[in-house]
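A.B. asks: Let's see this in three dimensions:
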Amino acid sequence: MSRFAAMDIGTNSVKLYVAERTPDGWRRVLDRVEITRLGQQLMQTGRLQDEAMERTLAAMEQLLAAARAAGAGPVAAAGTMALRTAANAADFIERARARCDLAVEVIPGEEEARLSFRAVAGDPLFAGYHVTVFDVGGGSTEFIFGGDDGIRRHSLDIGAVRFTEEILTSDPVTDTEFRRATTAIAEEFQTLELPPDADPLVGIGGTPTTLAAVHQRLATYDPAAVHGFRLHRQDIQHLIEIFRGATVAQRRSLPGMPPKRADIILAGALIVQAVMERAGAPAIRVSDSGLRHGLLRDRFGE
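C.D. replies: Reported below is the predicted structural model:
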C-alpha cells in the first residue's frame, strides 16, 4: 500500500498527517501537531522572528523524520497566513528547502478554505448537511460556506495569538483585559454574515479540539472522542470562566490541555463564543479534520 504525507505550516502550529491508500479509501497512519508559534510578534513587526523560524524548522525536521519512519513517500507542504503575510517569508521557505529538503507551497486564502472545507464536507459524519466550517487560527479566523454556487470564504484578522499578545497579557488576565478582548472580538465580528441555513456549524483547528478535550477531561488526546463532539454555549462559557480565573501554569495542568496552547486558549475560546453568538448557534460540532487532510486528498487523489 502507498503512504503519503501532508504538512500544514500555520501561524501557531505545524501539523503532519500520514495516510495509506487502501481499496476503501484513506487510512490514517499518523497525525501529529507541534505548537511552534511561527507567527510570534508578526502582527507587530510584519516579520517572522529568527527564534520562531528556528522552532518551526526544528519541529518540521522531527515530523518529517516521523513521516519517513511511518513509511511515507511524497510529502505535500502548505504554508498559510504567517507565510502569506510576513515580509521575510521567502527566507523561511529557503531554509525549509535547505534543512528539510522540502518545498513549501504558500497557498492563498481561497485555496486554504477549499482544502479545509473538502476535509470536512467529505466526512461521512456530515454527509447531507449544509455545513459552515470555521477555523480559529493564530492570526485569523476563516469561515467557509459550501452551496450550489460553490465554496465561499470569509476571513477576519481575529486570531488567538493576536489577541493574547495585544490584550490578554497579564497572568492571570485582569477584568479590564477580559472586557477589552471580549468587546474587541465582538466588534470585529460585526462585518460577518453567515448563511441562515448553516447546519451544523463545524469548528476545526486547535482551539475547538482543545476545548472539546478539556471539556471531556481527556488525560490523553483521543481523536475518536473529539471528532464530532458537540459543544454547547454553556460549555464554552464554563470553560471561559475556568481559563479566565487561572494562571497559565494552572491552565497547563488541566486534563486535555496541550501545554503550549495554555496561554492562548482563553482568546481562542472567546472567539468561538463570538462565532456562536453571531451565528445564533446553540452548539458547534468539532472536527478533528483540517487543511492537512484536505491537502493530502487533493494532492494525492481520492
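A.B. asks: Now tell me what touches the helix or strand hosting Phe143 from outside.
C.D. replies: Assigned by DSSP states H and E, Phe143 belongs to strand 141-147. With Cβ atoms under 8 Å, 6 or more residues apart in numbering as the test, strand 141-147 has contacts from 109, 112-114, 116-117, 121, 130-135, 151-156, 158-159, 192, 194-195, 198, 271, 275. In short, each C-beta sits where N, CA and C put it, glycine included.
A.B. asks: In its sheet, which strands sit next to that strand, and in what direction?
C.D. replies: If you go by DSSP bridges, strand 141-147 pairs up with strand 132-136 (antiparallel), strand 150-156 (antiparallel).
A.B. asks: Out of those strands, which gets the lowest mean score?
C.D. replies: If those are sorted by mean pLDDT, strand 150-156 sits at the bottom with a mean of 80.
A.B. asks: buried ones in it?
C.D. replies: Neighbour-count burial for strand 150-156 flags 151, 153-156 (criterion: 16 or more other Cβ atoms under 10 Å).
A.B. asks: export it as CSV, just CAs?
C.D. replies: The C-alpha coordinates for strand 150-156 follow below in CSV (Å, rounded to 0.1, in the frame of the first residue of the first chain):
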residue,chain,number,x,y,z
GLY,A,150,-19.6,26.6,-4.9
ILE,A,151,-17.4,27.4,-1.9
ARG,A,152,-17.3,30.9,-0.4
ARG,A,153,-14.8,32.2,2.1
HIS,A,154,-14.7,35.0,4.6
SER,A,155,-11.6,35.8,6.6
LEU,A,156,-11.2,38.0,9.6
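A.B. asks: Report all helices and strands that whatever helix or strand comes next after it contacts.
C.D. replies: Once strand 150-156 ends, the next helix or strand along the chain (criterion: DSSP H and E) is helix 160-166. Using 3 or more Cβ pairs under 8 Å, 6 or more residues apart in numbering; DSSP states H and E, the elements in contact with helix 160-166 are helix 42-45, helix 175-188, helix 265-279.
A.B. asks: contact partners of helix 160-166?
C.D. replies: Helix 160-166 is contacted by residues 11-12, 37, 39-41, 43-44, 136-139, 181, 184-185, 207, 263-268, 270-271 when judged by Cβ under 8 Å, 6+ apart.
A.B. asks: can you do 7 Å?
C.D. replies: Contact with helix 160-166 is made by 11-12, 37, 39, 43, 136, 138-139, 181, 185, 207, 263-264, 267-268, 271, as judged by Cβ atoms under 7 Å, 6 or more residues apart in numbering.
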